[in-house]
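Trainee: Sharing a model prediction with you, sequence too.
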Number of protein chains: 2
Amino acid sequence: MKQIMIEKDILKNNNEIAKRNKIIFDDKKIFTINLLGSPGAGKTSILEKIIKNIKKELKMAVIEGDLYTAKDAKRIESHGIEVIQVNTGGGCHLDASMIEKSLNHIDMKELNFLVIENIGNLVCPASYYLSEDMKVVVMSVTEGNDKPLKYPSIFQKASVVILNKIDMIELTDFNIKEFYKDIYCLNKDIKVFEVSCRQEKGINELSQFFISKIKNKKSGL
Amino acid sequence: MKQIMIEKDILKNNNEIAKRNKIIFDDKKIFTINLLGSPGAGKTSILEKIIKNIKKELKMAVIEGDLYTAKDAKRIESHGIEVIQVNTGGGCHLDASMIEKSLNHIDMKELNFLVIENIGNLVCPASYYLSEDMKVVVMSVTEGNDKPLKYPSIFQKASVVILNKIDMIELTDFNIKEFYKDIYCLNKDIKVFEVSCRQEKGINELSQFFISKIKNKKSGL
């Protein structure tokens, strides 16, 4: 048997499940993000930082995607919030059926915010809608400013880019003017947050942005 | 139609093509590497540095994998060596059929060294044998020392890891002892080169390693 094209059918099937999940999230007014980025961009570190601000006033949970380990889930769990570990067994992205199965294990009562941390990968996860309200991409300045144009799909579909490790920019050849030109060229409505986890720069603004979105959904706006 | 498992057949088909390519490379004594790593790990930058050392004494060519753009290929081409651009059109890895097609465009006469720079992705490219003599993974200290355990397959299959941006290690929480423990636990025979492209640290040792491998293959060792 040769390779055959089943991508469209897989995505159709995925989208149908995602739509069912979305009805649940909307009904329960749970604001949901799909957190994406390269390995090591800082997805888990940023999540740890914003959890501290958000959990004071809102109930949140995390679905933590990983190939095999529970390393990131353990980091998140130490902050005292509910975490569901999804191991893909080597698979390169999460899909909507994994989210559907996870929902059986989440206490959704009074839940306001659900973060789905995807597999570290700028390619495959871009194709799979997971029923999120928005896609959020974390990229670090150490990856280089050419990444939006090299991996356009994920940046075109994202509502937010978190530009992390901004404290290291002087040590790299990251051209921030080129970055902004490219990112707005790909996606004129995208919102960019410049952040340094290490120096806690930009964390409050980012937390407030999510808190505002969560509260808007909660109050039916 | 639902998602069906065709992975084994795709890989079997891929491996058959790869074996045909390998016969050509072995017959012509062309040493070939599959250069892997996350987006922004520094694959192209390292390649640019070692080209300068290697091209003085050996003929080399590069197959440059990218989703859509020719950005990296243009960088490599500026060093005066032959480059074949392969765009996957959004695909997350190169496969052996792409290499087979590229061979029609490469001048293999007296060619000693072929570098296949794969798509920036630590997951999918690990599954596809491209007829290389060795897999070489580039990772940067800014990605964090947990990456080998989080993405084990690619590190288990690699012969070499290039640990890049080593000059930045003091600015990160990269634990180098943990890194070495994990990497040798996954793959006891793996060779590690600590490199800084920015400071040109480790570039000569890395170049000499490849030159030695290339010459060994050239002389039939």
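Mentor: Received it, and whenever you're ready, just let me know what you need.
Trainee: Nearest spatial neighbour of A:Lys217, chain-adjacent residues omitted?
Mentor: With C-beta to C-beta, 6 or more residues apart in numbering or on different chains as the criterion, A:Lys217 has its nearest non-adjacent residue at 4.2 Å, and that residue is A:Phe31. In short, each C-beta sits where N, CA and C put it, glycine included.
Trainee: and the one you found, how far is that from B:Tyr180?
Mentor: Distance of A:Phe31 to B:Tyr180, computed by C-beta to C-beta, to the nearest Å: 42 Å.
Trainee: Look at these two and report which has more neighbours.
Mentor: It is A:Phe31, of A:Phe31 and B:Tyr180, that has more neighbours when counted by other C-beta atoms under 10 Å in any protein chain shown, with 25 against 14.
Trainee: give me every residue that touches that one.
Mentor: Applying C-beta atoms under 8 Å, 6 or more residues apart in numbering or on different chains, one finds that A:Phe31 lies in contact with A:25, A:112-114, A:133, A:210, A:213-214, A:216-218.
Trainee: Could you rerun that using 10 Å?
Mentor: A:25, A:58, A:60, A:111-115, A:132-134, A:210-218 (C-beta atoms under 10 Å, 6 or more residues apart in numbering or on different chains).
Trainee: Out of those, list just those in strands.
Mentor: Taking DSSP state E as the definition of strands, the contacts of A:Phe31 contribute A:60, A:113-115, A:134.
Trainee: top of those by neighbour count?
Mentor: Most crowded among those, counting by other C-beta under 10 Å, is A:Leu114 at 29 neighbours.
Trainee: Would you enumerate the residues in contact with that residue?
Mentor: By C-beta under 10 Å, 6+ apart, A:Leu114 lies in contact with A:21, A:25, A:28, A:30-34, A:59-63, A:82, A:84, A:99, A:102-103, A:106, A:108, A:131-133, A:214.
Trainee: Pull out the buried members of those residues.
Mentor: Judged by neighbour count, with 16 or more other C-beta atoms under 10 Å in any protein chain shown as the criterion, the buried members of those are A:21, A:25, A:30-34, A:59-63, A:82, A:84, A:99, A:102-103, A:106, A:131-133, A:214.
Trainee: any chance you could map the strands in chain A?
Mentor: Assigned by DSSP E, the strands in chain A fall at A:31-37, A:60-66, A:82-87, A:113-117, A:134-140, A:160-164, A:191-194.
Trainee: Pipe the ones you listed into a markdown table and attach mean pLDDT per row.
Mentor: What follows is those, written out as a markdown table (pLDDT from 0 to 100):
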| stretch | mean pLDDT |
| --- | --- |
| strand A:31-37 | 98 |
| strand A:60-66 | 96 |
| strand A:82-87 | 96 |
| strand A:113-117 | 98 |
| strand A:134-140 | 98 |
| strand A:160-164 | 98 |
| strand A:191-194 | 98 |
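Trainee: Which one, of these, ends up nearest to B:Phe155?
Mentor: Of all the strands of chain A, strand A:60-66 sits nearest to B:Phe155, with 15.2 Å by C-beta to C-beta.
Trainee: I'd say A:Gly52 and A:His79 touch.
Mentor: If you look again at residue A:52, you'll see it is Lys, not Gly. Yes: here A:Lys52 lies in contact with A:His79, judged by C-beta atoms under 10 Å, at a distance of 7.0 Å.
Trainee: quick one, which of these two is more surrounded?
Mentor: Using other C-beta under 10 Å, the more surrounded residue of A:Lys52 and A:His79 is A:His79, with 15 against 12.
Trainee: The more buried one - nearest residue in space that isn't next to it in sequence?
Mentor: What sits nearest to A:His79 in space, not counting adjacent residues and going by C-beta to C-beta, 6+ apart, is A:Ile51, at 4.8 Å.
Trainee: Quick one: residues contacting that neighbour.
Mentor: When contacts are counted by C-beta under 10 Å, 6+ apart, A:Ile51 touches A:60, A:62, A:76, A:78-81, A:113, A:115, A:207.
Trainee: just A:Ser131 next, same as before
Mentor: A:Ser131 neighbours (C-beta under 10 Å, 6+ apart): A:14-15, A:17-26, A:30, A:32, A:34, A:96, A:99-100, A:103, A:114, A:116.
Trainee: same thing but 7 Å
Mentor: Contacts for A:Ser131 (C-beta atoms under 7 Å, 6 or more residues apart in numbering or on different chains) come out as A:18, A:21-22, A:25, A:32, A:96, A:99.
Trainee: cool, A:Glu200 as well?
Mentor: A:Lys49.
Trainee: A:His93 now?
Mentor: Residues counted as contacts of A:His93 (C-beta under 7 Å, 6+ apart) are A:118-119, A:121, A:124-125, A:128.
Trainee: out of those, who's nearest A:Val141?
Mentor: Checking the contacts of A:His93 against A:Val141 with C-beta to C-beta, the nearest one is A:Asn121 at 19.3 Å.
Trainee: A:Asp167 and chain B: what is the separation?
Mentor: Computed with C-beta to the nearest C-beta, to the nearest Å, the distance linking A:Asp167 and chain B is 8 Å.
Trainee: Closest to chain B out of the contacts of A:Ile51?
Mentor: When those are compared for distance to chain B, the smallest value, 13.9 Å, is given by A:Ile76; criterion: C-beta to the nearest C-beta.
Trainee: what's the burial count for the closest residue to A:Thr142 other than its chain neighbours?
Mentor: Among residues not flanking A:Thr142 along the chain, B:Thr142 sits closest, at 4.1 Å (C-beta to C-beta, 6+ apart). Applying the criterion other C-beta under 10 Å, we find 28 residues in the vicinity of B:Thr142.
Trainee: Assess the claim that B:Thr142 and B:Ile166 are in contact.
Mentor: No: under the criterion of C-beta atoms under 7 Å, B:Thr142 is not in contact with B:Ile166, lying 10.3 Å apart.
Trainee: Which residues belonging to the longest helix anywhere in chain A are considered buried?
Mentor: In terms of residue count, the longest helix belonging to chain A (DSSP state H) is helix A:7-27. Counting neighbours by 16+ other C-beta under 10 Å, one finds that the buried residues in helix A:7-27 are A:10-11, A:13-14, A:17-18, A:21-22, A:25.
Trainee: mind listing what the residue nearest to A:Glu77 when sequence neighbours are not counted touches?
Mentor: Take A:Glu77 and drop its neighbours on the chain: the residue closest to it by C-beta to C-beta, 6+ apart is A:Val83, 4.8 Å away. Contact analysis of A:Val83 by C-beta under 7 Å, 6+ apart lists A:62, A:64, A:73, A:76-77.
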